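> fold the following and give me the result.
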Amino acid sequence: MTPSTPYRDNRPQHTAGDPARSGAIALITEGTYPCHQGGVSVWCDQLIRGLPEHSFDLYAITGTGLERSVWERPGNLVNTVMMPIWGPVRGRSRQRKEPAEFTETHRRFVSALLDDDVDLFIDALRGLRRFAQYGDLTAGLTSDASLRHLHKAWINAPHSSRESAGAYAPSVADAIHATASLEHLMRPLATPVARADIYHASSNGLASLIAMVGKWTHGTRFILTEHGIYLRERYMALAYRDATYPVRMLVLRFVRLVTAAAYREADLITPGSHFNRRWQERNGADPEKVRPVHNGVDHHAFPEVGPEPDVRTLVWVGRVDPLKDLETLIQAAALVRAQVPEFRLRMFGSVPAGNETYAERCRALIGQLNLTEHAFFEGRIPEIRDAYEAASVVVLSSTSEGFPYTVIEAMMSGRATVSTDVGGVAEAVGDAGLVVAPRDPAALADACLALLLDRRRREQFGKAARARALEFFTLDRFLDVYRGIYTELGAVPAPIAVAHTRPEPVSEPAAIWQFESVQPT
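As a prediction, this is how the structure comes out:
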């Protein structure tokens, strides 16, 4: 039994030799599909349903293991394995003494961590994976001997290679805290991974750990997709965590090495934008491996919208999250109201667990700026196209994005957009919308006013946006690219396709694991 037993669904499990498993893809997620809504989950569901000639296994890294799917299951999704990171460890009891092989592997792991050595880190990960197949990885990592070795190596590391400690000498408590965090983050190494033609990680980080395990175990291919830049988002998330500086920096060192290892081990890297490509190459990805693939939307599901509402209206769609920077949007709304007294700001989207305080802060700001009759949080809308129908202008105010569905859905619907220049937004919009700097309420307000006060310009942008989306960002185009990639990397389609059905979320998302306070969209 492995240290952390995954939770499986109750459908019959297929083996690698089953003809029904021809063209099998292992799709790996972290904190998204199938337990959450959001852009990455939409991407996963599109991919599975849109390629019915392939069967899929899903490995979903979750929080506690209590999360449940909020998506209707596609017919070609054969197996689902939930891998909880923060749930209780189930399996072997704590061992009193680890074998010599583990001790040496752990020493290499600590050395790689402190010296920022990617090659040694990969070698140590492979060794830890081998140990996890027969031993108790959790017990080994948290044993007294492992804790003593980490603390001693940490405090004795040369300052030049001890960035994680900075001006502070790490204490024994730091070593205990860091070990506890790292043990959780390394649980994917113990995941039993069935053979697949391709292991496709939908993000870097922990999902890529499982993809690397699949590649190392079965000798098949590994595709890495990043919708946002995982490393950058982890830095933003950990900046506010309740931990000492040395612990935060050591955990970030681990994350940096995992992302670097994934870039090294992946056979193909498919970022969601050319913007992401530049970040990946700057962080060590081989340019020859990187092939951007833009997201796509179903033009049948997003037909051209009808007439605008009678009242000039800004519409925002997304999850209520600090990364969406709704405070800047609300401040911009106050500036818009000064010139367009009758306008409305309608914000559609749910509040993820853990973001309730941020939502209350935004509501308080609406009151402080006397916008209670103009700005409204309206929750999750059943049919997203209805939100675009309700808009004069669709606005995005984020401080970080990948290649957001909100923007290309609005474009496909034929609505003019105002967006912040983050991630792949400018690539999506081109010259068919207005793009401004993030965190600048005045610039956002000026752009919104430029369109709200000029119906003809809004209409011109709307027509240009739909034409651009139809040319570059259709679902068929997106699926054709991945169909070709899977074939190129050796996934032979099954002879009998599974019926294609549209995705239907079945409930609101549950809370996800606590390290995922910042998630790509």
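> in this structure, where's the longest helix?
If you go by DSSP state H, the chain has its longest helix at helix 245-265.
> check which helices and strands that helix sits against.
Counting contacts by 3 or more CB pairs under 8 Å, 6 or more residues apart in numbering; DSSP states H and E, helix 245-265 packs against helix 100-115, helix 118-132, helix 172-185, helix 206-218, strand 221-224, helix 230-238. Every residue, glycine included, has its C-beta placed from N, CA and C.
> looking at these, which is nearest to W71?
helix 206-218 (17.2 Å; CB to CB).
> ok so, going back, distance from the chain centre to the next helix or strand after the longest helix of the chain, please.
For helix 245-265, the following helix or strand on the C-terminal side (DSSP states H and E) is strand 268-269. Centre-to-centre, strand 268-269 and its host chain are 16 Å apart (CA atoms, centre = their mean, to the nearest Å).
> tell me the helix or strand right after strand 268-269.
helix 274-282.
> which parts of that following helix are buried?
The neighbour-count check on helix 274-282 (16 or more other CB atoms under 10 Å) flags 275-277, 279-281 as buried.
> mind listing the strands the helix or strand just after that helix pairs with, and their directions?
Downstream of helix 274-282, the next assigned helix or strand under DSSP H and E is strand 313-317. Here strand 313-317 is paired, per DSSP bridges, with strand 344-348 (parallel), strand 393-396 (parallel).
> how far out from the middle of the chain is the first one?
If I follow you right, that is strand 344-348. Between the centre of strand 344-348 and the centre of its chain there are 25 Å (CA atoms, centre = their mean).
> need the CA coordinates for that strand. CSV is fine.
Backbone C-alpha positions of strand 344-348 (Å, rounded to 0.1, in the frame of the first residue of the first chain) are rendered in CSV as follows:
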residue,chain,number,x,y,z
ARG,A,344,-24.4,50.4,-14.1
LEU,A,345,-21.6,47.9,-13.3
ARG,A,346,-22.8,44.3,-13.1
MET,A,347,-20.4,41.7,-11.7
PHE,A,348,-21.2,38.0,-12.3
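> what is the rounded mean pLDDT of the longest helix of the chain?
Average pLDDT, helix 245-265: 93.
> got the angle for it vs helix 172-185?
Helix 245-265 and helix 172-185 are oriented at 30 degrees to each other (axes from the mean of the first three to the mean of the last three CA atoms, to 10 degrees).
> just want the angle from helix 245-265 to helix 118-132.
90 degrees.
> hang on, the earlier thing: any idea which of the buried residues of helix 274-282 is closest to L345?
Distances from L345 to the buried residues of helix 274-282, taken by CB to CB, are shortest for F275, at 27.5 Å.
> that closest one against G423, yeah?
Yes: look at F275 against G423 with CB atoms under 8 Å: they come within range, at 5.6 Å.
> please save the CA atoms from the longest helix of the chain in PDB.
Taking Å, rounded to 0.1, in the frame of the first residue of the first chain, the C-alpha atoms of helix 245-265 are listed here in PDB:
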ATOM      1  CA  TYR A 245      11.000  34.100   5.900                       C
ATOM      2  CA  PRO A 246      13.300  31.100   5.800                       C
ATOM      3  CA  VAL A 247      10.400  28.600   5.400                       C
ATOM      4  CA  ARG A 248       8.700  30.700   2.700                       C
ATOM      5  CA  MET A 249      12.000  30.900   0.800                       C
ATOM      6  CA  LEU A 250      12.800  27.200   1.100                       C
ATOM      7  CA  VAL A 251       9.300  26.200  -0.100                       C
ATOM      8  CA  LEU A 252       9.700  28.700  -3.000                       C
ATOM      9  CA  ARG A 253      13.000  27.100  -3.900                       C
ATOM     10  CA  PHE A 254      11.300  23.700  -4.100                       C
ATOM     11  CA  VAL A 255       8.600  25.200  -6.400                       C
ATOM     12  CA  ARG A 256      11.200  26.800  -8.600                       C
ATOM     13  CA  LEU A 257      13.100  23.500  -8.900                       C
ATOM     14  CA  VAL A 258      10.000  21.600  -9.700                       C
ATOM     15  CA  THR A 259       9.000  24.000 -12.500                       C
ATOM     16  CA  ALA A 260      12.600  23.900 -13.800                       C
ATOM     17  CA  ALA A 261      12.600  20.100 -13.700                       C
ATOM     18  CA  ALA A 262       9.300  20.000 -15.600                       C
ATOM     19  CA  TYR A 263      10.600  22.200 -18.300                       C
ATOM     20  CA  ARG A 264      13.600  19.900 -18.600                       C
ATOM     21  CA  GLU A 265      11.600  16.700 -18.600                       C
END
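> now that helix: buried residues?
With the criterion 16+ other CB under 10 Å, helix 245-265 contains buried residues 246-265.
> any low-confidence regions in the stretch 151-300 of the chain?
159-168, 236, 238-241 (pLDDT under 70).
> try 80 this time
Across the stretch 151-300 of the chain, the ranges flagged by pLDDT under 80 are 158-168, 228-229, 231-242.
> what's the first helix or strand after the worst-scoring helix or strand of the chain on mean pLDDT?
The weakest-scoring helix or strand in the chain, judged by mean pLDDT, DSSP states H and E, is strand 7-8 (a mean of 36). Proceeding N to C from strand 7-8, the next assigned helix or strand is strand 25-30, under DSSP H and E.
> now for that next one, which elements pack on it?
helix 39-50, strand 56-62, strand 198-201, helix 206-218.
> how close does L452 get to I176?
L452 sits 56 Å away from I176, taking CB to CB, to the nearest Å as the criterion.
> sorry, back to before: for the longest helix of the chain, the distance to its chain's centre please.
17 Å.
> what's the average pLDDT for stretch 38-46?
In this model, stretch 38-46 carries a mean pLDDT of 93.
> give me the contact list for it.
The contact list for stretch 38-46, computed with CB atoms under 8 Å, 6 or more residues apart in numbering, reads 27, 29, 32-34, 71, 74, 202-203, 227, 295-296, 319, 402, 404-406, 475, 478-479, 503, 509, 519-521.
> take those residues and keep only those in helices.
Reading helices off the contacts of stretch 38-46 with DSSP H, I get 405-406, 475, 478-479.
> wait, which of these is closest to L120?
F478 (38.0 Å).
> count the residues that sit near the closest one.
Residues within reach of F478, counting by other CB atoms under 10 Å, total 20.
> wait, doesn't it sit right on V293?
Yes: here F478 reaches V293: they are 6.9 Å apart, a contact under CB under 8 Å.
> tell me the domain ranges of the protein?
100-182, 313-472 (automatic domain parsing).
> how long is the last one end to end?
Just to be clear, that refers to domain 313-472. Chord length of domain 313-472, first to last residue, is 27 Å (CA to CA, to the nearest Å).
> same question for stretch 465-480.
For stretch 465-480, the first-to-last residue distance is 22 Å (CA to CA).
> need the residues that contact that stretch.
Residues from elsewhere that reach stretch 465-480 (CB under 8 Å, 6+ apart): 46-47, 50-51, 293-299, 304, 408, 410-417, 428-430, 432-433.
> the stretch 301-450 of the chain: helices as residue ranges?
326-339, 356-368, 384-389, 405-413, 425-429, 441-452 (DSSP state H, counting those that start in this stretch).
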